[in-house]
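J.: Take this sequence and fold it.
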Amino acid sequence: MTIERRLVPDSRWQSRLRELDALPYNYDASEYAEDQPGWSVDHYRRDLPSEPPGPPWPEQSFGIAKQILVAYQFPDPSRIVGHFDADAKLDGRTMLLEAKFLWMRFAFGVRVSKVIDDRSTEDGQPLSRFGYAYRTLQDHWEIGEITYLLVKNEATGGVQFVIDAYSKRDRIPNIVHRIGFAVFGRRVQKQFAQRCMDRLDELVQRRLESC
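T.: Numbering: from 1, shown residues only. Below is the predicted model of the structure:
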(Lines give C-alpha, C1' and ligand atoms only; values in the text may rest on other atoms or scores of the structure.)
Protein backbone atom coordinates (compact mmCIF):
# COMPACT_ATOMS: atom_id res chain seq x y z
CA MET A 1 0.00 0.00 0.00
CA THR A 2 1.29 3.47 -0.85
CA ILE A 3 0.13 6.78 0.55
CA GLU A 4 0.32 9.91 -1.56
CA ARG A 5 2.66 12.57 -0.26
CA ARG A 6 1.20 16.02 0.25
CA LEU A 7 2.62 18.32 -2.42
CA VAL A 8 2.92 22.09 -2.27
CA PRO A 9 -0.34 23.02 -4.03
CA ASP A 10 0.53 26.26 -5.84
CA SER A 11 3.14 28.95 -6.43
CA ARG A 12 1.86 31.01 -3.50
CA TRP A 13 2.90 28.34 -0.99
CA GLN A 14 6.10 27.58 -2.87
CA SER A 15 7.17 31.20 -2.61
CA ARG A 16 6.35 31.30 1.10
CA LEU A 17 8.27 28.08 1.72
CA ARG A 18 11.36 29.57 0.09
CA GLU A 19 11.07 32.50 2.49
CA LEU A 20 10.72 30.14 5.46
CA ASP A 21 13.82 28.21 4.41
CA ALA A 22 15.86 31.32 5.23
CA LEU A 23 14.33 31.86 8.67
CA PRO A 24 15.97 30.68 11.92
CA TYR A 25 14.21 29.01 14.83
CA ASN A 26 12.58 31.62 17.07
CA TYR A 27 14.25 30.38 20.25
CA ASP A 28 17.26 28.55 21.61
CA ALA A 29 16.20 24.99 22.49
CA SER A 30 18.70 24.95 25.35
CA GLU A 31 16.39 27.45 27.13
CA TYR A 32 13.80 24.72 27.68
CA ALA A 33 13.58 22.77 30.91
CA GLU A 34 10.46 20.78 31.77
CA ASP A 35 10.48 21.86 35.40
CA GLN A 36 11.00 25.52 34.54
CA PRO A 37 7.92 27.77 35.02
CA GLY A 38 6.23 29.24 31.99
CA TRP A 39 6.27 26.24 29.67
CA SER A 40 3.20 24.21 28.70
CA VAL A 41 4.25 20.55 28.58
CA ASP A 42 2.15 17.74 27.11
CA HIS A 43 2.57 13.97 26.88
CA TYR A 44 0.04 11.81 24.99
CA ARG A 45 0.05 8.09 24.19
CA ARG A 46 -2.37 6.01 22.11
CA ASP A 47 -2.45 2.31 21.27
CA LEU A 48 -2.69 1.61 17.54
CA PRO A 49 -3.70 -1.76 16.04
CA SER A 50 -1.14 -4.39 16.97
CA GLU A 51 0.76 -6.54 14.50
CA PRO A 52 2.77 -9.78 14.60
CA PRO A 53 5.82 -9.75 16.91
CA GLY A 54 9.23 -9.01 15.48
CA PRO A 55 10.52 -6.01 13.51
CA PRO A 56 7.86 -3.76 11.93
CA TRP A 57 6.01 -5.10 8.93
CA PRO A 58 5.71 -2.62 5.99
CA GLU A 59 2.04 -3.37 5.33
CA GLN A 60 1.02 -3.62 8.97
CA SER A 61 0.14 -1.02 11.58
CA PHE A 62 3.61 0.48 12.18
CA GLY A 63 4.54 0.72 8.50
CA ILE A 64 1.22 2.30 7.50
CA ALA A 65 1.38 4.78 10.38
CA LYS A 66 4.95 5.67 9.37
CA GLN A 67 3.81 6.59 5.85
CA ILE A 68 1.01 8.73 7.28
CA LEU A 69 3.41 10.53 9.63
CA VAL A 70 5.90 11.34 6.86
CA ALA A 71 3.07 12.61 4.62
CA TYR A 72 1.70 14.72 7.52
CA GLN A 73 -1.77 13.30 6.95
CA PHE A 74 -2.61 12.62 10.59
CA PRO A 75 -3.74 16.15 11.61
CA ASP A 76 -7.42 16.94 11.08
CA PRO A 77 -7.44 18.80 7.72
CA SER A 78 -10.42 20.87 8.87
CA ARG A 79 -8.10 22.32 11.56
CA ILE A 80 -4.60 22.29 10.09
CA VAL A 81 -2.93 21.49 6.76
CA GLY A 82 0.80 21.19 6.19
CA HIS A 83 2.41 22.49 3.00
CA PHE A 84 5.92 21.31 2.15
CA ASP A 85 8.18 20.09 -0.60
CA ALA A 86 7.54 16.36 -0.72
CA ASP A 87 10.86 15.79 -2.47
CA ALA A 88 12.84 17.36 0.37
CA LYS A 89 14.39 14.99 2.88
CA LEU A 90 12.48 14.70 6.15
CA ASP A 91 15.35 15.83 8.40
CA GLY A 92 15.44 19.62 8.10
CA ARG A 93 12.21 19.83 6.09
CA THR A 94 10.53 23.24 6.31
CA MET A 95 6.75 23.18 6.63
CA LEU A 96 4.10 25.89 6.39
CA LEU A 97 1.23 24.99 8.70
CA GLU A 98 -2.08 26.53 7.65
CA ALA A 99 -4.28 26.63 10.76
CA LYS A 100 -8.03 27.23 10.73
CA PHE A 101 -10.03 28.55 13.68
CA LEU A 102 -13.64 29.66 13.29
CA TRP A 103 -13.66 31.91 10.20
CA MET A 104 -9.96 32.77 10.47
CA ARG A 105 -6.87 31.25 8.89
CA PHE A 106 -3.27 31.59 10.03
CA ALA A 107 0.00 30.33 8.60
CA PHE A 108 3.08 29.48 10.66
CA GLY A 109 6.50 28.11 9.81
CA VAL A 110 8.17 25.10 11.44
CA ARG A 111 11.19 22.97 10.59
CA VAL A 112 11.90 19.31 11.29
CA SER A 113 14.61 19.44 13.92
CA LYS A 114 15.12 15.72 14.55
CA VAL A 115 14.31 12.36 12.97
CA ILE A 116 14.09 9.25 15.16
CA ASP A 117 14.58 5.89 13.46
CA ASP A 118 16.13 3.28 15.70
CA ARG A 119 15.84 0.11 17.74
CA SER A 120 16.35 0.01 21.50
CA THR A 121 15.27 -1.87 24.61
CA GLU A 122 13.10 -0.82 27.53
CA ASP A 123 12.63 -3.05 30.59
CA GLY A 124 14.23 -5.83 28.58
CA GLN A 125 11.72 -5.44 25.73
CA PRO A 126 13.05 -4.79 22.19
CA LEU A 127 11.52 -1.67 20.63
CA SER A 128 11.43 -0.20 17.13
CA ARG A 129 10.89 3.54 16.92
CA PHE A 130 10.19 6.03 14.15
CA GLY A 131 9.18 9.66 14.28
CA TYR A 132 10.29 13.25 14.08
CA ALA A 133 10.12 16.59 15.86
CA TYR A 134 9.63 20.07 14.50
CA ARG A 135 10.39 23.45 16.06
CA THR A 136 8.85 26.86 15.56
CA LEU A 137 10.45 29.38 13.23
CA GLN A 138 10.76 33.14 13.48
CA ASP A 139 7.38 34.99 13.47
CA HIS A 140 5.51 32.00 14.90
CA TRP A 141 3.11 32.93 17.73
CA GLU A 142 4.62 30.22 19.94
CA ILE A 143 8.06 28.95 20.74
CA GLY A 144 8.52 25.24 21.21
CA GLU A 145 8.83 21.78 19.75
CA ILE A 146 6.47 18.85 19.19
CA THR A 147 7.57 15.24 18.67
CA TYR A 148 5.49 12.56 16.93
CA LEU A 149 6.76 9.03 17.61
CA LEU A 150 5.72 5.48 16.73
CA VAL A 151 6.91 2.72 19.05
CA LYS A 152 6.57 -1.02 18.42
CA ASN A 153 7.22 -3.58 21.13
CA GLU A 154 8.82 -6.33 19.06
CA ALA A 155 8.13 -8.95 21.74
CA THR A 156 4.37 -8.38 21.90
CA GLY A 157 3.58 -6.70 18.57
CA GLY A 158 2.00 -3.72 20.36
CA VAL A 159 2.21 -0.39 18.52
CA GLN A 160 1.79 3.02 20.13
CA PHE A 161 1.64 6.60 18.91
CA VAL A 162 3.30 9.09 21.26
CA ILE A 163 3.13 12.89 21.16
CA ASP A 164 5.41 14.97 23.38
CA ALA A 165 5.34 18.76 23.21
CA TYR A 166 6.51 21.85 25.02
CA SER A 167 5.68 25.45 24.18
CA LYS A 168 4.97 28.93 25.41
CA ARG A 169 3.53 32.01 23.81
CA ASP A 170 5.76 34.31 21.79
CA ARG A 171 5.08 37.90 20.78
CA ILE A 172 1.71 38.35 19.02
CA PRO A 173 1.49 41.86 17.52
CA ASN A 174 -2.27 41.95 16.88
CA ILE A 175 -4.14 42.56 20.14
CA VAL A 176 -7.27 40.67 18.98
CA HIS A 177 -5.18 37.63 18.09
CA ARG A 178 -3.27 37.98 21.36
CA ILE A 179 -6.47 37.91 23.42
CA GLY A 180 -7.91 35.04 21.39
CA PHE A 181 -4.75 33.00 21.85
CA ALA A 182 -4.76 33.66 25.59
CA VAL A 183 -8.38 32.47 25.85
CA PHE A 184 -8.40 29.54 23.43
CA GLY A 185 -4.74 28.62 22.87
CA ARG A 186 -4.30 25.77 25.36
CA ARG A 187 -7.71 24.29 24.58
CA VAL A 188 -6.91 24.26 20.87
CA GLN A 189 -3.48 22.71 21.54
CA LYS A 190 -5.01 19.83 23.49
CA GLN A 191 -7.79 19.31 20.95
CA PHE A 192 -5.20 19.22 18.17
CA ALA A 193 -3.17 16.48 19.87
CA GLN A 194 -6.20 14.36 20.72
CA ARG A 195 -7.57 14.66 17.20
CA CYS A 196 -4.17 13.71 15.74
CA MET A 197 -4.24 10.51 17.79
CA ASP A 198 -7.83 9.73 16.87
CA ARG A 199 -7.24 10.38 13.19
CA LEU A 200 -4.04 8.32 12.94
CA ASP A 201 -5.82 5.39 14.61
CA GLU A 202 -8.77 5.78 12.22
CA LEU A 203 -6.56 5.98 9.12
CA VAL A 204 -4.45 2.97 10.11
CA GLN A 205 -7.53 0.84 10.83
CA ARG A 206 -9.20 1.92 7.58
CA ARG A 207 -6.15 1.06 5.51
CA LEU A 208 -5.61 -2.24 7.25
CA GLU A 209 -9.21 -3.18 6.43
CA SER A 210 -8.71 -2.26 2.77
CA CYS A 211 -5.55 -4.38 2.35
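J.: Would you mark the buried spots in the helix or strand hosting E145?
T.: Per DSSP states H and E: E145 is located in strand 142-153. Of the residues in strand 142-153, 142-153 count as buried by neighbour count, 16 or more other Cβ atoms under 10 Å. C-betas here are computed from N, CA, C, even on glycine.
J.: As TSV, the residues you listed with pLDDT and distance to R45 would be great.
T.: Below are the buried residues of strand 142-153 laid out as TSV (pLDDT from 0 to 100; distance: Cβ to Cβ, whole Å):
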residue	pLDDT	distance to R45
E142	81	22
I143	83	24
G144	87	19
E145	94	18
I146	95	14
T147	97	12
Y148	97	12
L149	98	10
L150	98	11
V151	98	9
K152	98	14
N153	97	13
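J.: Out of the residues you listed, flag the one nearest to C196.
T.: Y148 (7.7 Å; Cβ to Cβ).
J.: how close does the closest one sit to M197?
T.: 10 Å (Cβ to Cβ, to the nearest Å).
J.: tell me the mean pLDDT for the helix or strand encompassing C196?
T.: If you go by DSSP H and E, C196 is part of helix 175-210. Mean pLDDT, computed over helix 175-210, is 77.
J.: Not counting its neighbours along the chain, what's nearest the residue most central in space within the chain?
T.: Centroid-nearest residue in the chain, with Cα atoms, centre = their mean: Y148, separated by 5.0 Å. Once flanking residues are discounted, Y148 sits nearest to G131: 5.0 Å by Cβ to Cβ, 6 or more residues apart in numbering.
J.: And Y44, by the same measure?
T.: Y44 sits nearest to I163 (Cβ to Cβ, 6+ apart), 4.3 Å away.
J.: that's a helix at the one you found, yeah?
T.: No: assigned with DSSP: H, G, I helix; E, B strand; the rest coil, I163 falls outside any helix and is strand.
J.: does it really touch L69, like I thought?
T.: No: at 10.9 Å, I163 does not count as touching L69 under the criterion of Cβ atoms under 8 Å.
J.: between those two, what contacts are shared?
T.: Y148 (Cβ atoms under 8 Å, 6 or more residues apart in numbering).
J.: Compute the first-to-last residue distance for stretch 17-27.
T.: 20 Å (Cα to Cα, to the nearest Å).
J.: Can you give me the buried ones in it?
T.: So, applying 16+ other Cβ under 10 Å, buried residues of stretch 17-27: 17, 20, 25-27.
J.: Could you single out the nearest of the residues you listed to A99?
T.: Once Cβ to Cβ is applied, the member of the buried residues of stretch 17-27 that ends up nearest A99 is L20, at 14.9 Å.
J.: and the closest residue to E142 other than its chain neighbours, what does it touch?
T.: Counting by Cβ to Cβ, 6+ apart, the nearest residue to E142 once its immediate chain neighbours are dropped is S167, at 4.7 Å. Going by Cβ under 8 Å, 6+ apart, S167 touches 39-40, 136, 142-146, 189.
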